[in-house]
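Q: fold the stuff below for me.
(one chain, ligands or ions: 2)
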Amino acid sequence: MPGVRISVIGTGYLGATHAAALSGWGHDVVGIDVDPSRVTQLAAGIAPFHEPGFDELLLEGVRAGRLTFSTDLSAAVDADVHFLCVGTPQSGTGHGADLTALWQAVDALAPHLRRGALVVGKSTVPVGTAARVQERLEDLVPPRHGVEVAWNPEFLREAHAVEDSLHPDRLVLGVASDAAETRLREVYAPVLRDGIPAVRTDLQTAELAKASANVMLASRISLVNMLAEVCEAADADIERLTEILGLDARIGPRYLSPGIGFGGGCLPKDLRAFASRATELGVDSASELLGAVDAVNTHQRQRAVDLTVRLLDGHPHGRNVAVLGAAFKADSDDLRDSPALAVAGAVSQLGACVRVFDPQAGRHLRDRVDLEVHDSIESACAAAEATLVLTEWPQFAEVDPVALGRVVERRVIVDGRLVLDPTRWARAGWRVHAFGRGETTPSAVSRKAG
Ligand SMILES: NC(=O)c1ccc[n+]([C@@H]2O[C@H](COP(=O)([O-])OP(=O)(O)OC[C@H]3O[C@@H](n4cnc5c(N)ncnc54)[C@H](O)[C@@H]3O)[C@@H](O)[C@H]2O)c1
Ligand SMILES: O=c1ccn([C@@H]2O[C@H](COP(=O)(O)OP(=O)(O)O[C@H]3O[C@H](CO)[C@@H](O)[C@H](O)[C@H]3O)[C@@H](O)[C@H]2O)c(=O)[nH]1
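A: Ligands and ions are numbered 1, 2, ... in the order given. Modelled structure (predicted):
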């Protein structure tokens with residue numbers, strides 16, 4: 001079967017990955033973005049961000065001539081399916097989503113839509129947006145063109161974007177007609193052949209399916225962080241507790257890691273946008289519940305800052321603090337709403353000299369005047385009086401605590417992501433403060449061993 005001609009509008013983390021996956025399935029894809037440097041990079045087959053497996057997939061599509069990029073929407077004129085993948089950040093004035101980029105993309109696309117084109121929303125939007133996009137296109141495009149809107153939200157996780165795009169858990173086909181469903185099934189034929197469930201629904205349920213998943217994920221993390229705090233207060237063991245909880249088939253073991261909380265370009269803003277939209281719809285319970293989820297999440301960042309200050313005997317000013325990890329999660333260079341970066345910035349605000357190392361995100365921090373960016377763990381930790389592990393990069397777990405102990409001024413470490421083995425570090429003379437585990441000291445470990 002010949003591939004479908006597709007345009008992908010917005011080539012950020014979502015759009016670029018989606019475009020590359022579509023071309024890998026044999027479709028002819030043009031990626032459109034308003035950012036010329038991004039387009040130049042992608043067209044040259046160079047990944048603009050760190051995402052495992054993306055470089056190869058991009059290069060393969062570009063070399064095969066199935067994947068092109070442009071800043072000019074007229075390049076989308078031959079496409080039968082258009083995916084809207086532009087950003088929908090939190091509005092600067094409130095908690096709702098800022099849909100400016102979406103409306104700009106819709107308005108710019110309208111003159112290039114051919115007869116029977118399908119416009120498919122993939123961005124995360126407040127419920128009701130798809131219907132507004134359909135209305136807007138009916139105003140801009142002659143009715144005889146029969147342009148239709150569908151919503152097909154994306155559930156990929158950064159750091160697993162390629163894997164999640166190629167092998168999703170499920171597809172959500174929010175459509176208003178059989179023709180739109182058939183077209184989407186054609187686009188996703190390779191995935192559907194693998195037996196991935198595809199749920200057909202209306203536009204508004206499709207929009208909500210995405211926002212609701214993120215709301216549930218965010219709530220789960222705040223719940224587990226609340227439990228971690230109770231564990232610390234009660235001298236209980238959060239890791240055994242989550243292991244036990246995870247064995248309940250209704251709860252499951254995944255997505256139960258405590259720490260300094262969730263961040264990134266999705267969960268925090270989607271949680272707030274959902275609550276804001278629910279309030280508009282007259283559902284007040286959403287903002288009550290999700291406001292608490294948000295507050296518990298922010299509280300984790302503050303807890304990390306307070307703990308650091310306490311470990312510096314209440315005097316952070318002029319003290320050296322090493323921060324390991326800046327990205328919002330491991331295997332990503334994304335700094336959007338990163339808990340690690342927020343903690344680093346707040347500790348620096350208190351007058352500490354904060355030295356950051358991140359394996360991928362460090363290069364995006366060079367213009368931060370409040371942070372010293374280092375190229376290695378050892379250099380960031382030189383003469384540190386407190387070391388904070390704030391992103392769950394696996395290499396942090398591999399660090400030799402004996403060797404690092406020779407570099408720092410004081411062997412005091414905060415494990416904000418539960419990646420370190422506290423006994424190993426305490427044996428090497430470190431005081432380890434882990435979220436949910438409390439403090440492990442060298443003397444406690446030697447008492448236990450004795
Ligand atoms: N990042 C993820 O993991 C992920 C996963 C699922 C869903 N989403 C959702 O996907 C959407 C995009 O997220 P992202 O992380 O890729 O954002 P991003 O900021 O990385 O990318 C957005 C891109 O859109 C471009 N853009 C803005 N206005 C445009 C216009 N008028 N025409 C063409 N391009 C335009 C920007 O230049 C940018 O490259 C959001 O709604 C997000 O919530 C993101
Ligand atoms: O048990 C956990 C799991 C995650 N996190 C944190 O939560 C944040 C988000 O992590 P994750 O969900 O893995 O990454 P995202 O790439 O933000 O993916 C979320 O947001 C995307 C954009 O909407 C969705 O597509 C995904 O399904 C959804 O998981 C990160 O700061 C993680 O460190 C925890 O603290 N504990």
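
Q: how about His364, what does it touch?
A: Each residue near His364 by CB atoms under 8 Å, 6 or more residues apart in numbering is listed here: Asp333, Leu335. All C-beta atoms are positioned from the backbone trio N, CA, C, and that covers glycine.

Q: secondary structure class for it?
A: On the three-state scheme (DSSP: H, G, I helix; E, B strand; the rest coil), His364 is labelled helix.

Q: that one and Val373, how far apart?
A: Applying CB to CB, to the nearest Å, the value for His364 to Val373 is 9 Å.

Q: do the same with Asp72
A: Distance of Asp72 to Val373, computed by CB to CB: 36 Å.

Q: for Leu84, phi and psi?
A: Geometry field for Leu84 lists phi and psi as phi -90, psi 110, criterion degrees, to the nearest 10.

Q: that one: neighbour count?
A: Per other CB atoms under 10 Å, the neighbour tally for Leu84 reads 27.

Q: distance of it from ligand 1?
A: Counting by CB to the nearest ligand atom, to the nearest Å, the gap from Leu84 to ligand 1 is 9 Å.

Q: how about the nearest residue to that residue, chain neighbours excluded?
A: Beyond its immediate neighbours in the sequence, the residue positioned closest to Leu84 (CB to CB, 6 or more residues apart in numbering) is Gly121, lying 4.9 Å away.

Q: same thing with Leu58?
A: Once flanking residues are discounted, Leu58 sits nearest to Ala20: 4.8 Å by CB to CB, 6+ apart.

Q: does ligand 1 have contacts with the helix or strand harbouring the one you found?
A: Under the criterion DSSP states H and E, the helix or strand holding Ala20 is helix 13-24. Yes - part of helix 13-24 sits close enough to ligand 1 to count as contact by CB under 6 Å from any ligand atom, namely Tyr13, Leu14, Gly15.

Q: so how far is that helix off the chain centroid?
A: Distance of helix 13-24 from the chain centroid (CA atoms, centre = their mean, to the nearest Å) equals 16 Å.

Q: stretch 352-371 too?
A: Between the mean C-alpha position of stretch 352-371 and that of its chain there is a distance of 20 Å (CA atoms, centre = their mean).

Q: report the residue spans of the stretch 51-200 of the chain with pLDDT below the cut-off.
A: Screening the stretch 51-200 of the chain residue by residue with the criterion pLDDT under 70, one finds no matching range.

Q: buried residues, stretch 231-245. List them.
A: Within stretch 231-245, the residues that qualify as buried are Cys231, Glu232, Ile238, Glu239, Leu241, Thr242, Leu245, counting by 16 or more other CB atoms under 10 Å.

Q: let's verify the first one: helix, strand, or coil?
A: What that stands for is Cys231. For Cys231, the secondary structure call by three-state DSSP comes out as helix.

Q: list the residues that contact it.
A: Counting by CB under 8 Å, 6+ apart, the residues that Cys231 touches are Asp237, Ile238, Leu241, Gly436, Arg437, Gly438.

Q: the residue of the stretch 1-150 of the chain found nearest ligand 2: neighbour count?
A: Closest approach of the stretch 1-150 of the chain to ligand 2 (CB to the nearest ligand atom) occurs at Thr124, with a separation of 5.5 Å. Counted by other CB under 10 Å, the residues lying close to Thr124 total 24.

Q: count of residues packed around the residue of the stretch 151-300 of the chain found nearest ligand 1?
A: Here the residue of the stretch 151-300 of the chain nearest ligand 1 is Glu154; by CB to the nearest ligand atom that distance is 4.1 Å. For Glu154, the tally of surrounding residues (other CB under 10 Å) stands at 22.

Q: tell me which element it falls in.
A: Applying DSSP H and E as the criterion places Glu154 outside every helix and strand.

Q: what parts of the protein come near ligand 2?
A: When proximity is defined by CB under 6 Å from any ligand atom, the chain lies next to ligand 2 at 124, 154-158, 214, 217, 221, 255-257, 259, 261-264, 266-267, 270, 328-329.

Q: select only the buried ones of those residues in PyMOL?
A: The buried residues among these can be selected in PyMOL (16+ other CB under 10 Å) with this line:
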select buried, resi 124+154+155+156+158+214+217+221+256+257+259+261+262+263+264+266+267+270+328+329
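
Q: from the residues of the chain next to ligand 2, which land in helices?
A: Asn214, Leu217, Ile221, Leu267, Asp270 (DSSP state H).

Q: which two in these are spaced the farthest apart?
A: Ile221 and Asp270 (12.9 Å; CB to CB).

Q: dump the residue contacts of Ala361.
A: Applying CB under 8 Å, 6+ apart, the residues contacting Ala361 are Ala326, Ala327, Ser332, Asp333, Asp334, Leu335, Ser338.

Q: redo that, cut-off 10 Å
A: For Ala361, the residues meeting the contact criterion (CB atoms under 10 Å, 6 or more residues apart in numbering) are 50, 325-328, 332-335, 338, 340-341, 373, 391, 393.

Q: same question, Thr88
A: Contacts for Thr88 (CB under 10 Å, 6+ apart) come out as 10, 96-102, 121, 123-126, 129, 265-266, 269-270, 273.

Q: could you measure from it over to Leu335?
A: For Thr88 relative to Leu335 (CB to CB), the value is 18 Å.

Q: how about low-confidence regions in the stretch 301-450 of the chain?
A: Per-residue confidence of the stretch 301-450 of the chain (counting by pLDDT under 70) places the weak regions at 450.

Q: thanks a lot, see you next time.
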